[in-house]
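K.L.:
would you be able to build a 3D model of this:
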Amino acid sequence: MSDKLSTIKSPEKANGLARLFAIKSQKGVTLIEYSLIAALVGVAAIAGLTALGGDINTIFNGIGTKIASIKIN
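P.N.:
Modelled structure (predicted):
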């Protein structure tokens with residue numbers, strides 16, 4: 001079982017969150033790092049859409065108005 005887990009014998013060989021929290025297994029550290037990145041991307045997307053929400057709404061309303069004014073024979 002020990003060959004499946006990547007264990008760190010000394011803290012000097014650890015990196016990132018593993019060193020910060022003295023975690024011996026890298027599996028959990030990688031999951032935490034990817035979760036933090038995903039959360040940051042989500043927060044950035046929400047902030048961007050909130051800031052541009054009014055402008056995007058205006059653009060889509062303009063497109064909808066132009067499409068509605070097209071006369072089909």
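
K.L.:
how far away is residue 47 from residue 53?
P.N.:
From residue 47 across to residue 53, the span is 11 Å (C-beta to C-beta, to the nearest Å). Heads up, the C-betas are built off the backbone N, CA and C, glycines and all.

K.L.:
can you name every helix or strand that the longest helix along the chain contacts?
P.N.:
Secondary structure of the chain read by DSSP state H shows that its longest helix is helix 26-68. Helices and strands touching helix 26-68, as assessed by 3 or more C-beta pairs under 8 Å, 6 or more residues apart in numbering; DSSP states H and E, comprise helix 16-21.

K.L.:
pLDDT averaged over the helix it packs on - what is it?
P.N.:
What helix 16-21 shows for mean pLDDT is 65.

K.L.:
do stretch 52-68 as well
P.N.:
pLDDT averaged over stretch 52-68 gives 91.

K.L.:
just the CA atoms of that stretch, as PDB, please.
P.N.:
The C-alpha trace of stretch 52-68 is given here as PDB (Å, rounded to 0.1, in the frame of the first residue of the first chain):
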ATOM      1  CA  LEU A  52     -20.700  43.500 -17.500                       C
ATOM      2  CA  GLY A  53     -24.300  42.300 -16.900                       C
ATOM      3  CA  GLY A  54     -26.000  45.500 -17.900                       C
ATOM      4  CA  ASP A  55     -24.000  45.900 -21.100                       C
ATOM      5  CA  ILE A  56     -24.600  42.300 -22.100                       C
ATOM      6  CA  ASN A  57     -28.300  42.700 -21.500                       C
ATOM      7  CA  THR A  58     -28.300  45.800 -23.700                       C
ATOM      8  CA  ILE A  59     -26.500  44.000 -26.500                       C
ATOM      9  CA  PHE A  60     -28.900  41.000 -26.500                       C
ATOM     10  CA  ASN A  61     -31.900  43.200 -26.400                       C
ATOM     11  CA  GLY A  62     -30.600  45.100 -29.400                       C
ATOM     12  CA  ILE A  63     -30.000  41.800 -31.300                       C
ATOM     13  CA  GLY A  64     -33.500  40.600 -30.300                       C
ATOM     14  CA  THR A  65     -35.100  43.800 -31.500                       C
ATOM     15  CA  LYS A  66     -33.300  43.500 -34.900                       C
ATOM     16  CA  ILE A  67     -34.300  39.900 -35.300                       C
ATOM     17  CA  ALA A  68     -37.900  40.700 -34.400                       C
END
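
K.L.:
cool, thanks, talk later.
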